[in-house]
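Visitor: turn this into a structure:
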Amino acid sequence: MSTFEIRPIRSDDDAAMAAVIRTVMPEFGATGSGFAISDPEVDWMSRAYAAPRHAYFVVERDGRVLGGAGVAPLAGGDADVCELRKMYFLPEARGSGAGAAMMARCLDAARASGFTRCYLETLTGMDAAMRLYERSGFRRIDTAMGATGHGGCNRFYLLDL
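Guide: Down below sits the predicted model:
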């Protein structure tokens, strides 16, 4: 695989990132309400993450967006907690180191925004993602935090930044 670039999302990436999310989610049975696939911000990620203490990055190779991830304040959570959000990669980006590089970029952005903890939700079957989270220092917790609206998720993680 040729090298990839991780950069902040731009408005001209919105359609490509929405397509990535809508391609990857069904792969893991994550369809319908309670999952990001039905979240209206999927179609305008660059605007959704332009707010203070929000950041979203895409991974690009040869001019093509292959995935992305971001951080934002945890809805309904403590002010020092952010959520790692919408981390999805097309199959061709997986196993390339893009996930670990993206994780580092997101966690750096979270620290720069003053967060001291990072929370995430995922679901059974996303085994490679859970291994990445655990390698990155996240620990599994028993219950959901905040009010994310992702009722379909059943695995919860927290990291002290």
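
Visitor: pLDDT value on Arg7, please?
Guide: pLDDT for Arg7: 97.

Visitor: neighbouring contacts of the helix or strand where it lies?
Guide: Counting by DSSP states H and E, the element that carries Arg7 is strand 5-8. Strand 5-8 is contacted by residues Ala55, Tyr56, Phe57, Val58, Val59, Glu60, Arg61, Ala98, Ala101, Met102, Arg105 when judged by C-beta atoms under 8 Å, 6 or more residues apart in numbering. C-betas here are computed from N, CA, C, even on glycine.

Visitor: I'd like the next helix or strand past that strand.
Guide: helix 14-27.

Visitor: do a quick rundown of the helices in the protein.
Guide: 14-27, 45-48, 98-112, 127-135 (DSSP state H).

Visitor: out of those, which is closest to Thr143?
Guide: helix 127-135 (16.6 Å; C-beta to C-beta).

Visitor: ok, and what's touching stretch 103-117?
Guide: 6, 52-53, 55, 57, 69-71, 73, 78, 80-82, 84, 87, 118, 132-133, 136, 158-161.

Visitor: looking at those residues, which are in strands?
Guide: 6, 55, 57, 69-71, 73, 81-82, 84, 87, 118, 158-160 (DSSP state E).

Visitor: low-confidence stretches in this protein?
Guide: 1-2, 26-39 (pLDDT under 70).

Visitor: hmm, try it at 90
Guide: 1-3, 22-43, 93-96, 122-129, 148-154 (pLDDT under 90).

Visitor: returning to that earlier point: are any of the contacts of strand 5-8 buried, and which?
Guide: For the contacts of strand 5-8, a burial check counting by 16 or more other C-beta atoms under 10 Å picks out Ala55, Tyr56, Phe57, Val58, Val59, Glu60, Arg61, Ala98, Met102, Arg105.

Visitor: quick one: the first one from Thr143, how far?
Guide: Distance, Ala55 to Thr143, using C-beta to C-beta, to the nearest Å: 26 Å.

Visitor: what do you get for the fifth one?
Guide: Distance, Val59 to Thr143, using C-beta to C-beta: 31 Å.

Visitor: over to the third one?
Guide: Phe57 sits at a distance of 28 Å from Thr143 (criterion: C-beta to C-beta).
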